[in-house]
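In: Next come a sequence and a model predicted from it.
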Amino acid sequence: MDKILEGLISSDHSVPVKRAIVKKVVEAAENDVTQEQCQALFTLTTRLILLGDNAFQKQIGLQVLEAYARYHRPEFELFFCKDFVLGLLQQGYGQLEHRDAAIIDYIHCCLRLLISCPSVLETFSVIQVEVLRMVCERPEPALCARLSTLLSDFMQCIPREKSGVLFCQQLVRTISCFQCCASEERELREYVGQVTKVSTLLQNIWKAEPATLLPSLQEVFAIISSTDPSFDPSIALASLVQHIPVQMITVLIKSLTTDQNVRDASMTKALSRMIDWLSWPLAQHVDTWVIALLKGLAAVQKFTILIDVTLLKIEMVFNRLWYPIVRQGALSVLSHMLLSFQHSPEAFHLVVPLVRPLVQTLNTDGLPTSQTFLLQFTELIHCMMYQYSGFPDLYDHILEAIKDFPKPSEEKIKLVLNQSAWTSQSNSFASGLLRPAGKSETGRTGLINLGNTCYMNSIIQTLFMATDFRRQVLSLHLNGSNTVMKRLQLLFAFLAHTQRAAYAPRNFLEASRPPWFNMGSQQDCSEYLRFLLERLHEEEKTLHVLQSAKPTVASLVDPISRDPTSPTTSEDRKDCHLVEAENRCANNGRTLIERMFGGKLITGIRCMQCNSISEKEEPFTDLSLAFCPSSSSQGSPKAERPTEEGKVLCQGSVNGGSEAPETSNLATNVQYEPVTNEPPLSVPDLVNYFLAPEILDEDNAYFCEKCVSLQRAERTMKVVSAPEYLILTLLRFSYDAKSHIRKKILDNVIIPPALRLPVHASATPVQWSSASSSPLQVDSPESSENLAKKLKPSQGEEEEERKLRLDEAEKMTRGRETSVQSVPYMLSSVVVHSGVSSESGHYYSYGRNINGADGTQHSVGLSPVKQDSASEQAACSLCTSEQGDSLPNTGLEARDWLLFNDSRVTYTSLQSVQNITNRFPKDTAYVLMYRKQELPGLNGNEGQMANGMRLNAEPPLQKELLDAIIKDNKLYLQEQELSARTQALQASSSSCSFRPNGSDDNNPPGSCGPSGGGGGGGGGGGFNTISRLVF
C-alpha cells in the first residue's frame, strides 16, 4: 500500500483522480495489514507531513496517517515511541531542525491518536524534559505559540514541581524576548494571537499549580527592572497582567515598594516599562497595576522615582489616547499621573501642546465613544488648569477647544485634587532644572523659581523691563563693590546676555530677601518691591555720606570706568572728581531710586471749625490704591470717608516710612454693598479715589492745634512731583475678622494703556516737615464769635460780616492753590497675582520696553493740556485714561508685550493683559508700572541722564560684567555637552534627572500654585487641605 501511495503522489494524474485514489487507500485501512506494511505507511506519511513539497502532499499524509493509526493502534504505538519523539525534539527530521514548528504540530497530532494508549505516559515524560529545554532556548513567537497549543491540550506534558516553576519562569523570560516585526495589520494580528496563546498557557498553569504564580511574577519584575542597557524586554509581557488575580495587587505592590533590595534605578525601569504596557492592544488591568504601583511608591515617599517616570512617560501615555483600543486604560493612568503630580506644572505643560489637536479630531469623528471620552478628558484638563493657573499664554487655545464641553464645579475639582495628591511632598524640586530647554522665540531669559520665589522673579522682570532704569543700572560703575545694586546690575546683565533659557538668581535672592521673609514661603511681591527699592536707596545714600567724609572712597555711581591695570594720573583723578561733583549737582543729591521712582505728595488737613490748614510734603515710591465704594452707595454720604487709612500712602522706601497697611484698615463705620450690574472700576477710578477729599470725623476726628480740641476736618492729597516710573499697587487683600484670614478682592479693574496724572505745581515750595509741623492758620469768621456776641449787632449786620470774613478766608485759600498739570504716563508692566490669598498662589508679570521719549515720538493723546478755563483746570485735577484706539502708534502692536512666568517667556498682547481677569477670574492685576512720557517741548526726563549723557540705547557692558557672562556661557555649553553624553550613556547607577540642593529648593512650605486660581475661568477660593508647593 505504501508503494501505491508513493507512486500516486509522484504520478501526473490530476488532483481529482489522486483524491479519488487516496480515498480508496484510506478506506483500505479497515482491512488487515501486516506490521511491516503499517510501519512503511507510517514512515511514508510522516515524511509527507514533515517534508512534503506542497500542501496537497501534507494533507494526504495526514489523512492516511490518521486512518491507519486509528485502525492499527498497536502498530502505531510501536512506531511513535518515546525514542522516536526524543529524536524529533533533539535532532529534527531530515532537513528540518528540531526547532521547526512543523515537528511540534506533528507530535501534537500523534498524541491525539495515542491518548488512550498506556505507552503515551512515557512519551509525556520525555516531552516534559524537552519542552523545558526548548523554552530555555528562547523560541520564536510562532514556535512558542505551537508549543503552547500542544501543552494546553496535553497538560501532562508540562513539567511538574520544581521543574514546573522553572518552566514558568523560563516561559516568562521567553515572552520578554518576543519581538514584533509586523509591517501589516494581518501580521500584527497574527503576532498578538501568538502571544495570547502563550500567556493563556501560563494562566492555565497558574490555575492548576498556584505555587508557580509568585515565582513567575518575581521573574516578571526581575526582567522589567533590569538596568542592562543591552536588553529591552518586549511589551508582550503585558499579556500576562490580565491573568494575575486582582486581589493580589495590594500584597504584591507592598512587597515590591518596601523591599530594601530593590534599587531606585531598578524600580524606575520597572515602572517605566509597565507604563509602556499600555500600548498592548488586548491587555486588561494594566492601568490598574500601574496606578497601584504609583500609589505604592507615593505611600513610601519615593517621589524621586515618581517625578522621573512621570516626566519621562507622560507624553507617551498621552499619545496612546489616539488609539481607541487602549484609550480608556491610557486615560486612567494619565489622569492619575497628572492629578498626583501637584508640586509642579511641568508634567501638565509637557502635554499641553497635544491637547487641542486631540480634542479637535475626536470632536469631529462623530463616534459616541469619542464624545464619552471627551467628557472625561475635558474634566481632567479643567482640573489641571485650575491646579496650575497663571499660564494664560498656554491655556487660551485649550479653553477655546473645550468651550462646548461642561466644566466641573469648583467643589468637584477640589475633591478630585485632594483625593489624588501624594501623601507627602517632602522631596519637591525646582522644576525649571529638570528639563533644560533652549530659549523661546522671544529671545528673552526667564528666571528659575528657587522655591516659592515667583514674587521676586516677577518684580525683577518688571524692573528689567523698565528700560530707562535698566540702562541706568547697567551704566553704573561699581567695580569691587558687593552691594545689592551690584548684584542687581549683574543680574540685569545676565538677563540681557546669557545663553541660558532661564537663569537662577540665587545670589540676588540671598542679598535682597527681607529678614522677615521665611525661606521657601510665598510672599507679597509689593512688600518685596518696597523693601528692595528702600535697600537700594539707603545703600547709595550711605556711600554718598562716606564719600563726602572721605573723598578717596569710591562712589556708588562712579562716572568713569577704571581699568585696574591702567595707570591713573592726577589729571584723571581731578577730572573724575569734577564730573562727580557735576553729577551730584545735577541730581540735587538724589539717589537713582529717587530719580526713577520717587515722587512727592502733599497731605493737607483743613479744620472745618476754624479753617486752619496744616500741610506736609512726603516722598513716595508707590501709591497703594484702595478699592472705592460701589456707585450704588454714592447716594450715601461719600464725603464721610471712614478712617485715615482708607487712603493709603506708601512712603515706602525713600524716607523709611512704614509698610502699606492692607485694605483691612479701610472704614469700619461705612458698609459698602456689592453691586452686580455695575461696570468694572478702572485704574484712574482708584487713583481719583485715592486723591479725593476725605472727611475726618467721629473716632477719626482731627486734633486742631488752634481749636485745641478734636474737630471735624477735611483731608486732601495732591501730587506735586511726578515720578519717572509711577508704581501703583492695588490693595486686593483684606483681613476677615471672622475667619482670621486675609481674603482677596477679585474685582476686575480696567487697565488703560495710557493715563494722565494730575500734578500740582506749588506757587511757594513747601519744605518737608515732621508730623508736628506748624499748621498754616487762616483767620476765620468763627474766631470773632465772642466779639460779635458782645457787640450784639443786628442780624443783617451779622450776616454781612460773616460773608466778608468767609470771602477773606476763601481768597487766602485760593492764594495757596496751585496750577495743575496733567502728566501723561504709558503702561510699562503689570504684575498679576493668581490665587485667592496673599499667602498662596502664583505671581507672573507682563512687560514691554518703553522709555520716556516714546511720548515725543508718539504724541497722539499726550499733548500738554492748557488750563484756559476753570472747567479745564478742574478736569486736570482728575486722573484720566487714554483710550487704546487713540494711541495707534504707541508701540502696542502684536508681539510688543511679553509674558514672564518664572522660566517661561512668551509673546502676548495688550488685550491679553487687559482681559486676564475676564478669562481667569482669580488672576488679577496687583502691581502696575507706568512710564512718564516727555511732552513735546518739555524736558522732564532727568532720570535718563547718566554721566552727563542721555541713554537712548543699551549701554555697553563693562569688562567685569562681560567677563562674568562669558564665563557662565562657557559653563553652560559644558553643562549641555555633559548632559547629552550622560543621556547617551544611560548610566544605570544615575537617576533620570538632576536634583539641585539649593537652600530654597527642598521642602518649600509655602505656595506658588495649587491654591492659585483661574484655570479655565474658574472662580472661588483656594483649598486648605492640599499641600501647597512651589511652581
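Out: Received it, and whenever you're ready, just let me know what you need. Numbering: from 1, shown residues only.
In: Report the contact partners of I741.
Out: Neighbouring residues of I741 by Cβ atoms under 8 Å, 6 or more residues apart in numbering: 735, 837. Heads up, the C-betas are built off the backbone N, CA and C, glycines and all.
In: Quick check: bridge partners of it?
Out: For I741, the beta-bridge partners are D736 (DSSP bridges).
In: Next one: it from F517, what distance?
Out: Per Cβ to Cβ, to the nearest Å, I741 is found 19 Å from F517.
In: again, but for S614
Out: Between S614 and F517 the computed distance is 37 Å (Cβ to Cβ).
In: what's the answer for N588, then?
Out: Plainly put, N588 is 33 Å away from F517 if you go by Cβ to Cβ.
In: neighbour count winner among the two?
Out: F517 (21 against 9; other Cβ atoms under 10 Å).
In: close enough to count as contact, the more buried one and Q523?
Out: Yes: contact status for F517 versus Q523: in contact at 5.1 Å, counting by Cβ atoms under 8 Å.
In: contacting residues around stretch 522-529?
Out: 452, 454-456, 458-459, 462, 512, 514, 517, 622, 624, 659-660, 727, 729, 733, 831, 833, 838-841, 843, 926-927, 1006-1008, 1028.
In: Can you flag the buried ones in those residues?
Out: 452, 454-456, 458-459, 462, 512, 517, 622, 624, 660, 727, 729, 733, 831, 833, 838-841, 843, 926-927, 1006-1008, 1028 (16 or more other Cβ atoms under 10 Å).
In: Could you tell me which of those residues are located in strands?
Out: Secondary structure assignment by DSSP state E places 622, 624, 727, 729, 733, 831, 833, 843, 926-927 of these in strands.
In: Please tabulate these in JSON lines, including the columns pLDDT.
Out: Below are these laid out as JSON lines (pLDDT from 0 to 100):
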{"residue": "D622", "pLDDT": "92"}
{"residue": "S624", "pLDDT": "91"}
{"residue": "I727", "pLDDT": "95"}
{"residue": "T729", "pLDDT": "94"}
{"residue": "F733", "pLDDT": "83"}
{"residue": "V831", "pLDDT": "95"}
{"residue": "H833", "pLDDT": "93"}
{"residue": "Y843", "pLDDT": "93"}
{"residue": "Y926", "pLDDT": "93"}
{"residue": "V927", "pLDDT": "95"}
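In: Among those, which one lies nearest to V64?
Out: Of all those, V64 sits closest to Y843, with 87.0 Å by Cβ to Cβ.
In: Please list all residues in contact with the closest one.
Out: Counting by Cβ under 8 Å, 6+ apart, Y843 makes contact with 390, 454-455, 457-458, 525, 831-834, 926, 1008.
In: Please name the nearest non-neighbouring residue to the residue positioned nearest the centre of the chain.
Out: Nearest to the mean C-alpha position of the chain, by Cα atoms, centre = their mean, lies P345 at 3.0 Å. Among residues not flanking P345 along the chain, Y388 sits closest, at 3.7 Å (Cβ to Cβ, 6 or more residues apart in numbering).
In: same deal with E379?
Out: P408 (5.1 Å).
In: Would you mind listing where the stretch 301-450 of the chain has pLDDT under the threshold?
Out: 422-438 (pLDDT under 70).
In: Mind jotting down where the helices sit in it?
Out: 303-319, 327-340, 346-364, 368-387, 392-401, 410-420 (DSSP state H, counting those that start in this stretch).
In: Would you reformat those helices as CSV and include distance to R138 and mean neighbour count?
Out: Below are these laid out as CSV (distance: least, Cβ to Cβ, whole Å; neighbours: other Cβ atoms under 10 Å):
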stretch, distance to R138, mean neighbour count
helix 303-319, 27, 20
helix 327-340, 29, 21
helix 346-364, 37, 17
helix 368-387, 39, 20
helix 392-401, 47, 18
helix 410-420, 41, 16
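In: Next up, the contacts around L827.
Out: When contacts are counted by Cβ under 8 Å, 6+ apart, L827 is found next to 751-754, 910, 913, 928-931.
In: swap in H72?
Out: Contacts of H72 (Cβ under 8 Å, 6+ apart): 29, 33, 38.
In: just the strands in the stretch 701-850 of the chain please.
Out: Secondary structure of the stretch 701-850 of the chain, counting by DSSP state E, counting those that start in this stretch: strands at 702-704, 709-711, 713-721, 725-730, 733-736, 741-744, 749-750, 754-761, 819-834, 842-847.
In: Ok, which of the ones you listed comes nearest E534?
Out: That would be strand 725-730 among the strands of the stretch 701-850 of the chain, by Cβ to Cβ, at 12.9 Å.
In: what packs against the helix or strand A496 falls within?
Out: Element membership of A496 [criterion: DSSP states H and E] is helix 484-497. Packed against helix 484-497 by the contact rule (3 or more Cβ pairs under 8 Å, 6 or more residues apart in numbering; DSSP states H and E) you find helix 454-464, helix 467-475, strand 502-503, helix 506-512, helix 525-549, helix 959-985.
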